[in-house]
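Participant: what follows is a predicted structure for the sequence shown.
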Amino acid sequence: GHAQSSQSAQQAFTPQQLDQMLAPVALYPDSLLAQTLMASTYPLEVVQAARWSKDNASLKGDAAVAAVKDKDWDVSVKSLVAFPQTLSMMNANLDWTQKVGDAMIGQQKDVADSIQRLRARAQAAGNLQSTSQQTVSTQSSGGQSAIVIAPTNPETVYVPYYNPTWAYG
């Protein structure tokens, strides 16, 4: 297709740009991070979901997700209504959300590498460790090792608040 060639002609993000871009979310638990990255490829739906979330602030967690099941949003966007602060951050920084979405569509492997670089930096700085809310572990497969962040209690995914300038040392 013709559109394809113009897409690849678009300047790819450098590793430094990706690190800077992904720093605010790289320390999210994996499940939430995956949903956030996927949802960023649907910026318009993120805006709609953020509005819905604001209008339905009394609905929390699973109740919020159940309430949007008939919306024609991507499943990743629907799942984020359980995390109104993440949706609201994405909505407030739409330019950022779109860039992350572009990176996800064009450079998914680079995005994954950047997340691992950032996590390794935070870990080296002593700012990424297991807590009562999350379990940080290193998993290896095929000679590659990856830092994995999982909720300690799978029922409760905790959104970490951190200052990127501080977190990565």
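Facilitator: Structure received. Numbering: from 1, shown residues only.
Participant: wait, is Lys99 part of a helix?
Facilitator: Yes. Checked against DSSP: H, G, I helix; E, B strand; the rest coil, Lys99 lies within a helix.
Participant: shaky segments in the protein?
Facilitator: 1-10 (pLDDT under 70).
Participant: if we go to 80?
Facilitator: 1-11 (pLDDT under 80).
Participant: all helices for it, in order.
Facilitator: 2-9, 15-22, 30-39, 43-55, 61-67, 75-79, 84-92, 94-106, 108-124, 164-167 (DSSP state H).
Participant: which other helices and strands contact the second one?
Facilitator: Translated: helix 15-22. helix 94-106, helix 108-124 (3 or more CB pairs under 8 Å, 6 or more residues apart in numbering; DSSP states H and E). C-beta here means a position set from N, CA and C on the backbone, and glycine is covered the same way.
Participant: same list (these) but as TSV, adding distance to Val46 and mean neighbour count.
Facilitator: As requested, those are exported to TSV (distance: least, CB to CB, whole Å; neighbours: other CB atoms under 10 Å):
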stretch	distance to Val46	mean neighbour count
helix 94-106	6	17
helix 108-124	17	17
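Participant: dump those helices to TSV, plus distance to Ala66.
Facilitator: Shown next, in TSV, are the helices and strands packed on helix 15-22 (distance: least, CB to CB, whole Å):
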stretch	distance to Ala66
helix 94-106	25
helix 108-124	30
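Participant: what's the closest of these to Ser40?
Facilitator: Nearest to Ser40 among the helices and strands packed on helix 15-22 is helix 94-106 (4.0 Å), distances taken as CB to CB.
Participant: residues in contact with Leu87?
Facilitator: Residues in contact with Leu87 (CB atoms under 8 Å, 6 or more residues apart in numbering) are Val46, Ala49, Ala50, Ser53, Leu80, Val81.
Participant: what's the local residue count around the last one?
Facilitator: When neighbours are counted by other CB atoms under 10 Å, Val81 registers 25.
Participant: that one and Ala49 touch, don't they?
Facilitator: Yes. Between Val81 and Ala49 a contact is recorded at 5.8 Å, counting by CB atoms under 8 Å.
Participant: residues that sit against both of these two, list them.
Facilitator: In contact with both Val81 and Ala49: Val68, Leu87, using CB under 8 Å, 6+ apart.
Participant: neighbours around the residue nearest to Pro164 when sequence neighbours are not counted, how many?
Facilitator: Among residues not flanking Pro164 along the chain, Ala23 sits closest, at 3.9 Å (CB to CB, 6 or more residues apart in numbering). For Ala23, the neighbour count with other CB under 10 Å is 20.
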